[in-house]
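Q: generate coordinates for the sequence data below:
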Amino acid sequence: MKFVVLFFGLILSTAIYAEKIDPEPIIVQLSEAGYICRLDESKITVQKKGSLNFEIYVEDKGFLLRAHFPLSDKAKTEETRFYKLINKINSEGKCTKYYSKNGKLFVEAFYPLPYVKKTFFFFMSAWEEDFAVMMKNNSSDLSEFVK
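A: This is a model prediction of the structure:
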């Protein structure tokens with residue numbers, strides 16, 4: 001009996017996450033927080049003066065927030081120092097992860113479904129705090145590696 005209940009619970013949760021996600025409540029909430037949002041077919045572009053500009057991508061089980069910056073050649077020539085800095089930044093963050101790929105530095109955080117206004121507020125607060133901590137503790141070192 002437990003297996004049957006677990007099986008149907010799994011099917012139900014999969015069906016819920018398979019539904020199309022309405023981005024409008026997220027756009028409204030971010031706009032109320034002072035962000036400017038632009039929706040296109042694949043993402044929401046989000047900007048706010050004095051904050052990290054980023055994009056939101058809808059994934060099958062949540063939202064992926066992502067920002068990216070081009071890396072300078074110094075990230076390759078001083079690779080050990082660069083990755084040591086990235087590891088330090090990652091250790092200081094609550095919800096973000098920093099990594100490099102194809103000559104860019106990425107910052108990402110994942111918000112799992114379901115969307116709930118109050119928890120998304122706390123998530124966005126952590127996203128903003130991570131960026132503020134990174135800027136306070138590491139911006140001068142990181143500026144050597146980004147264009």
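Q: hang on, isn't Leu30 packed against Cys37?
A: Yes - using CB atoms under 8 Å, Leu30 is in contact with Cys37, at 5.4 Å. Any C-beta I mention is one placed from the backbone N, CA and C, and that applies to glycine too.
Q: between these two, what contacts are shared?
A: Common contacts of Leu30 and Cys37 (CB atoms under 8 Å, 6 or more residues apart in numbering): Ile44, Val46.
Q: those two: which is more packed in?
A: Leu30 (20 against 17; other CB atoms under 10 Å).
Q: how about the more buried one, phi and psi?
A: Torsion angles at Leu30 (phi, psi; degrees, to the nearest 10) stand at phi -70, psi -40.
Q: again with Lys104
A: According to degrees, to the nearest 10, Lys104 has phi -130, psi 150.
Q: how about it: what's its closest non-neighbour residue?
A: His68 (4.7 Å; CB to CB, 6 or more residues apart in numbering).
Q: what element comes up after the helix or strand encompassing the one you found heading to the C-terminus?
A: Taking DSSP states H and E as the definition, His68 sits inside strand 62-70. For strand 62-70, the succeeding helix or strand toward the C-terminus, using DSSP H and E, is helix 74-77.
Q: ok, the strand holding His68: who's next to it in the sheet?
A: Strand 62-70 sits in its sheet next to strand 54-59 (antiparallel), strand 104-112 (antiparallel), going by DSSP bridges.
Q: lovely, talk soon.
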